[in-house]
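**Student:** Sharing a sequence plus its predicted fold:
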Amino acid sequence: QVQLVESGGGLVQAGGSLRLSCAASARTFSSYTMGWFRHAPGKEREFVAAISWSGGSTYYADSVKGRFTISRVNAKNTVYLQMNSLKPEDTAVYYCAARIWGITTNMSGEYDYWGQGTQVTVSS
């Protein structure tokens, strides 16, 4: 069983920045593809970004490309999501997810474990 714990959410004004963290319990974290998704009220869950086990490959949704950066530090079992130039439409609960086998993907069904989520609210 892999436990994922997100942190770093909060309230920020439009144009501001936040950095989300996701700490994993697994000793084999360094072999997992990791992803970030978000879920806003009244909308379907949406892919945000993903990163390969080595960090050498990243993948972003068009809506966040150029504003968000996903990274990881395997020695700390942690993946990050740096969010800059935030917009009110970025308001959502953000979830990290782990994919035990496979490359980066935007398909939520391909991820095996999920965190509990952290709320991000961007005011206009």
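**Tutor:** Arrived safely. Remember, predicted model here, so these are calculated numbers, not experimental data.
**Student:** Under a three-state scheme, what state does the closest residue to N106 other than its chain neighbours occupy?
**Tutor:** Closest residue to N106 apart from its sequence neighbours, by CB to CB, 6 or more residues apart in numbering: F47 at 3.8 Å. The way it works is simple: take the backbone N, C-alpha and C, and place the C-beta from them, glycine included. Following DSSP: H, G, I helix; E, B strand; the rest coil, the label given to F47 is strand.
**Student:** S30 too?
**Tutor:** Secondary structure assignment for S30 (three-state DSSP): helix.
**Student:** What distance do you get for it to N74?
**Tutor:** Using CB to CB, to the nearest Å, we find S30 at a distance of 4 Å from N74.
**Student:** Can you get me a residue count around the residue nearest to N106?
**Tutor:** 20 (other CB atoms under 10 Å).
**Student:** G8 and R27, how far apart?
**Tutor:** 23 Å.
**Student:** Tell me which of the two has more neighbours.
**Tutor:** Ranked by neighbour count (other CB under 10 Å), G8 and R27 place G8 first, with 16 against 9.
**Student:** Could you find the closest non-adjacent residue to that one?
**Tutor:** L20 (4.2 Å).
**Student:** tell me what the host helix or strand of that neighbour is packed against?
**Tutor:** Secondary structure from DSSP states H and E places L20 in strand 18-24. In terms of contacts (3 or more CB pairs under 8 Å, 6 or more residues apart in numbering; DSSP states H and E), strand 18-24 is packed against strand 4-7, strand 33-39, strand 78-83, strand 92-99, strand 118-123.
**Student:** Which neighbouring elements make contact with the fourth one?
**Tutor:** Packing contacts for strand 92-99, counted by 3+ CB pairs under 8 Å, 6+ apart, involve strand 4-7, strand 18-24, strand 33-39, strand 78-83, strand 113-114, strand 118-123.
**Student:** in the protein, which segments are predicted with low confidence?
**Tutor:** Applying pLDDT under 70 to the chain flags no residue at all.
**Student:** Who is the residue positioned nearest the centre of the chain paired with across the strands?
**Tutor:** Nearest to the geometric centre of the chain sits W36, at 2.4 Å (CA atoms, centre = their mean). W36 has these beta-bridge partners by DSSP bridges: A49, C96.
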